[in-house]
Structures are given as structure tokens and as C-alpha cells.
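Colleague: Sequence and predicted structure are below.
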Amino acid sequence: MAKLPPLPPTVIEPLVRRALDEDFGNSGDLTANLLVPASAKGKLLMRSRESGVIAGMQAAQMTYAMVDPRVKFTIKKGDGSKVKKGDIIATVEGPTRALLSAERVALNFLGRMSGIATLTSQYVKLVKGTNVRIAATRKTTPGLRAVEKQAVLAGGGFTHRESLAAAIMIKDNHIALAGGVDKALKTIAKNADHMAKVSVEVDTLVQLKKVLKYAPDVVLLDNMGAEKLIKAVAIVNDFDGPRPTLEASGGVNLETVKGLAETGIDVISIGALTHSAPNFDIGMDAA
């Protein structure tokens, strides 16, 4: 895959700084400061303990740079790299106290993000051969959305909306509180900025037929099984008007995703990519 562009420092630095503040407390690393002379130097190897896809390397590298800029952090396997159990993904070399003190925060970022990238890659592999995109949602860890979405990209997925300001997305509660789908869509059509894309959620085929006349950019087909999705695709293909992007969401897992992708939809959004990805096991060993 193409090399991912790094996140802007203004985005990632506050995340790393907060993680370090949380781990260092008010007194720093009592153990390393008591056991290791300030002049000591060392080298550690970051090693994958399972097979998968790496992500979170930018945050890990910045962690060491913030703790001690004298540490030399060498990336062996960058974000998006496929690794096998035992592969060395990075080396860190420099003042031993810094190597030890920054270890857990760096590994936390790498383990969390590599877990997301690995799970995403599994979904992407299962829909290979279709034109379906696997996308994340806003079901992210508070404060970590930027790095978690970056991890989805590393796994071959797409990020969906970055925030509420990225697009107009009319869901069931919006419709209920706005007085119905017709009223909601008329209000949006009248008042929305012309540059803002519009997505509307439906959970029945009747609703789908109703919203098509408003020409939304995206229709989110919520919690529809493969059989109903096939019918939804047929309705849209037969509609004499602009074809929206069709997105399926809800009830998606590794067992069902391929069947859903083969129905003719365009996007499958999966909250589990970020809210339920298992941690990826990465160890730190003395060289």
C-alpha cells in the first residue's frame, strides 16, 4: 500500500503528551530513576508477538522524542506493514532511563492501533473481489479518534466521517425529532451548504423509496440482512434519478461481511473496527 502521510503535529502531540502525563504522574519513573544511572545507555528491540498489520508508529516515535530527544528511534516496519510473529518492527537506542520510562506508552499506542489495523485488514481481505469499501464509524475511543482512524487506513479501510462537521448524516433520532423523514430532508435541502454531502439512514424498503426523490448523496441501509440489501439495490438501480452511494451498517461481523458485500452495495461501515479490536501483542526486549 502507499505510505500513509503522518498526522499533523498539532493533532498527535497533545495525545502523546496526555498519555505521558498520565503515566509519569507527579514524580516520573521512580523505578528507572532509582535503579539506572543517569549516564547509562542501552538498546531495545520492539518485536511483534503475532502476525498482523502495524499502525501507531508515529505516536510511538513521538513518545520517545518527548521523553528524551537523544533517543534514536529506528522504524523497521512502518504503518501498514504486514508482519509475522517475531519480526522486529523498531529499535530504540539511547539513555536507558528514557528507554524504560517511555516503553509502556509507546507500546500502548502500537498495540491499540495495530489491533485496529489488523482487524480492518481481515475485513478488507474478505470483501476482496467486490467493489465494497470497508469504513470505520465515529465509535472511537474519546480523544483518540485521529490515531484510530489512521490505523483503519493502515489496515486498508476508509475513515468515514471524521467528525459531525464533515458531512450531514440524518439518522433515525434526527428524523423522529424533526417530525418525519420528509420534513427533515426538505429542511436540509433548503438550508444546507451546497458543499456538504447528505447521508440519510433508512431501515425499511418503504423508507428507501421515499428518500430517493430527495437525491441524497448516500443512503445508509441500517441493519438489513443480505436478502433485504439485494432488494434495496434493485430498487435503487430501477430508480429514475441520481443513484446514491449505498452504505450498509449494523450486524456486520467477519462471518457475514462477504455475503453483504456481494449484494451490490458500495460501502460497509463497521463500528467494531475501532470499538472492539483486540490489542495487538508487541514486546520490548533488550538487544
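Modeller: Arrived safely, thanks for sending.

Colleague: Centre of the chain to stretch 269-279, how far?
Modeller: When C-alpha coordinates are averaged (C-alpha atoms, centre = their mean, to the nearest Å), stretch 269-279 and its chain have centres 8 Å apart.

Colleague: Go ahead and measure how far the lengthiest helix in the chain is from the middle of the chain.
Modeller: Counting residues, the longest helix found in the chain (DSSP state H) is helix 103-126. Between the centre of helix 103-126 and the centre of its chain there are 9 Å (C-alpha atoms, centre = their mean).

Colleague: C-terminal to that helix, what's the next element?
Modeller: Sequence-wise, the next helix or strand downstream of helix 103-126 (DSSP states H and E) is strand 133-135.

Colleague: Which secondary structure elements does that following strand sit against?
Modeller: Judged by 3 or more C-beta pairs under 8 Å, 6 or more residues apart in numbering; DSSP states H and E, strand 133-135 is in contact with helix 103-126, strand 267-269. C-beta coordinates here come from the backbone N, C-alpha and C atoms, glycine included.

Colleague: Determine which of those approaches Ser163 most closely.
Modeller: strand 267-269 (15.2 Å; C-beta to C-beta).

Colleague: can you list contacts of the helix or strand hosting Thr274?
Modeller: Using DSSP H and E, Thr274 falls within helix 272-275. Here helix 272-275 makes contact (C-beta atoms under 8 Å, 6 or more residues apart in numbering) with 116, 119-120, 123, 134, 136-137, 139-141, 148-149, 151-152, 155, 157, 252-253.

Colleague: Show me where the stretch 1-150 of the chain has its strands.
Modeller: Per DSSP state E, counting those that start in this stretch, the stretch 1-150 of the chain has strands spanning 41-48, 52-53, 72-75, 82-83, 88-95, 133-135. These are given in chain order.

Colleague: Okay, the spatially closest residue to Ser81 that is not a sequence neighbour and Lys84: tell me how far apart.
Modeller: In this structure, Ser81 finds its nearest non-sequential neighbour in Ile54, 4.8 Å apart by C-beta to C-beta, 6 or more residues apart in numbering. Between Ile54 and Lys84 the distance is 11 Å, computed by C-beta to C-beta, to the nearest Å.

Colleague: Comparing the two, which residue is more hemmed in?
Modeller: The neighbour comparison of Ile54 against Lys84 (other C-beta atoms under 10 Å) goes to Ile54, with 30 against 9.

Colleague: Contacts only, for the more buried one.
Modeller: 48, 77-81, 83, 89, 110, 114, 117, 154.

Colleague: so which of those residues comes closest to Ala65?
Modeller: Nearest to Ala65 among those, with distances taken as C-beta to C-beta, is Leu110, at 14.9 Å.

Colleague: Name the nearest residue to the closest one, ignoring sequence neighbours.
Modeller: Nearest to Leu110 is Gly56, by C-beta to C-beta, 6+ apart, at 4.5 Å.

Colleague: Please apply the same query to Ser276.
Modeller: Leu119 (8.0 Å).

Colleague: Burial check on the one you found, number of neighbours?
Modeller: There are 25 residues near Leu119, going by other C-beta under 10 Å.

Colleague: Gln150 too?
Modeller: Neighbour count for Gln150, taken as other C-beta under 10 Å: 26.

Colleague: counting contacts, what elements does the helix or strand hosting Glu247 pack onto?
Modeller: If you go by DSSP H and E, Glu247 is part of strand 245-249. Applying 3+ C-beta pairs under 8 Å, 6+ apart, one finds that strand 245-249 contacts strand 218-222, helix 226-238, strand 267-269.
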